[in-house]
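[1] following is a predicted model, sequence given first.
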Amino acid sequence: MKRTRILGWSAILVIFVAAFAMGFKVANEHSLDKGYEVGDMATDFSLKNVDDTMVSLSDFEEAKGFIVIFTCNTCPYAQAYEDRIMDLDAKYKSQGVPVIAINPNDPAAKPGDSFAKMKERAAEKGFTFPYLFDEGQKVYPAYGATRTPHVFILEKTASGNEVKYIGAIDDNYQDASQVEEKFVENAVDAMLAGKEINPKTTKAIGCGIK
């Protein structure tokens with residue numbers, strides 16, 4: 001009877017330890033899948049551009065920061081913002097904060113977002129910024145991007161590329177003339193002036209990444 005009771009408690013202890021370990025693993029995996037938050041340091045990447053060169057953040061030695069935008073060819077929200085994204089690049093590239101656009105979609109799920117179609121779209125629109133293909137979908141999960149478009153503003157510091165803002169480009173995807181809050185412009189202006197960014201996060205509005 002005593003031996004049975006001891007074995008029973010031993011089994012309970014084993015189950016408890018296993019459950020705790022599994023819970024810790026799940027929690028840890030969840031935190032890894034969560035993506036970046038404001039204040040985190042973004043890891044560099046090397047992705048193929050539509051001109052067939054490989055592009056990394058470290059290539060931009062004189063940059064003060066980056067406007068990293070996850071976008072694509074096919075999403076109506078992304079299409080609505082293309083001209084505004086080009087305007088952002090035109091305004092801030094000369095100030096040391098270029099746009100880096102990344103297509104996170106799997107072309108098997110969205111054939112219109114293939115690398116060949118990216119080249120066509122970039123030429124058709126006259127993109128002035130790198131338009132990179134997240135082949136194998138390795139970069140967007142690290143950032144925690146969920147939509148197209150989804151913006152991450154980075155500031156180059158002595159410690160690395162610090163995430164300063166995450167979210168939407170502005171508050172009206174339908175009509176640029178009706179925009180009341182230019183979230184990205186306000187954030188970059190504040191960053192360059194050494195001021196506090198407010199808001200630091202907004203809700204990204206767009207298509208889910210495929």
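    Alright, I've got the coordinates. Numbering: from 1, shown residues only.

[2] only C-alpha atoms for contact and neighbour calcs from this point on.
    Will do.

[3] which parts of the protein are helices?
    Taking DSSP state H as the test, the helices found in the chain are 2-33, 76-92, 115-125, 139-143, 183-192.

[4] need the pLDDT of residue 34.
    pLDDT, residue 34: 81.

[5] next up, the contacts around it.
    Contact partners of residue 34, counting by Cα atoms under 8 Å, 6 or more residues apart in numbering, are 141-142, 144.

[6] buried subset of those residues as a ChimeraX selection?
    Filtering the contacts of residue 34 down to the buried ones (16 or more other Cα atoms under 10 Å) takes a single ChimeraX command:
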select :144
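
[7] list just the nearest of the contacts of residue 34 to residue 69.
    Checking the contacts of residue 34 against residue 69 with Cα to Cα, the nearest one is residue 144 at 12.0 Å.

[8] quick one, what contacts the residue nearest to that closest one when sequence neighbours are not counted?
    Distances taken as Cα to Cα, 6 or more residues apart in numbering place residue 35 nearest to residue 144, at 3.7 Å, with adjacent residues excluded. For residue 35, the contacting residues are 141-145, by Cα under 8 Å, 6+ apart.

[9] check the gap between residue 146 and residue 166 for me.
    Going from residue 146 to residue 166 by Cα to Cα, to the nearest Å gives 11 Å.

[10] so what pLDDT did residue 2 get?
    45.

[11] now residue 147: closest residue in space, sequence neighbours ignored.
    Ranked by Cα to Cα, 6+ apart and with sequence neighbours excluded, the top spatial neighbour of residue 147 is residue 208, at 4.7 Å.

[12] give me every residue that touches the one you found.
    146-148.

[13] then residue 137?
    Counted by Cα under 8 Å, 6+ apart, residue 137 has contacts 104-106.

[14] could you do residue 203 as well?
    By Cα under 8 Å, 6+ apart, residue 203 lies in contact with 167-168.

[15] poorly predicted segments of this protein, please.
    Residues of the chain meeting the criterion pLDDT under 70: 1-33.

[16] ok, back up a step: of the contacts of residue 137, which belong to strands?
    Among the contacts of residue 137, DSSP state E puts none in strands.

[17] which of those sits closest to residue 50?
    Nearest to residue 50 among those, with distances taken as Cα to Cα, is residue 104, at 13.8 Å.

[18] excluding chain neighbours, what is closest to the closest one?
    Closest to residue 104 by Cα to Cα, 6+ apart is residue 134, at 5.1 Å.

[19] so who does that neighbour touch?
    Per Cα under 8 Å, 6+ apart, neighbours of residue 134: 47-48, 102-105, 140.

[20] please look at residue 96 and residue 61 and confirm they touch.
    No. Between residue 96 and residue 61 there is no contact under Cα atoms under 8 Å: 9.7 Å.

[21] more crowded one of these two?
    Of the pair residue 96 and residue 61, residue 96 is the one with more neighbours under other Cα atoms under 10 Å, namely 17 against 9.

[22] state the distance from the residue nearest to residue 147 to residue 179.
    From residue 208 to residue 179 the distance is 23 Å (Cα to Cα).
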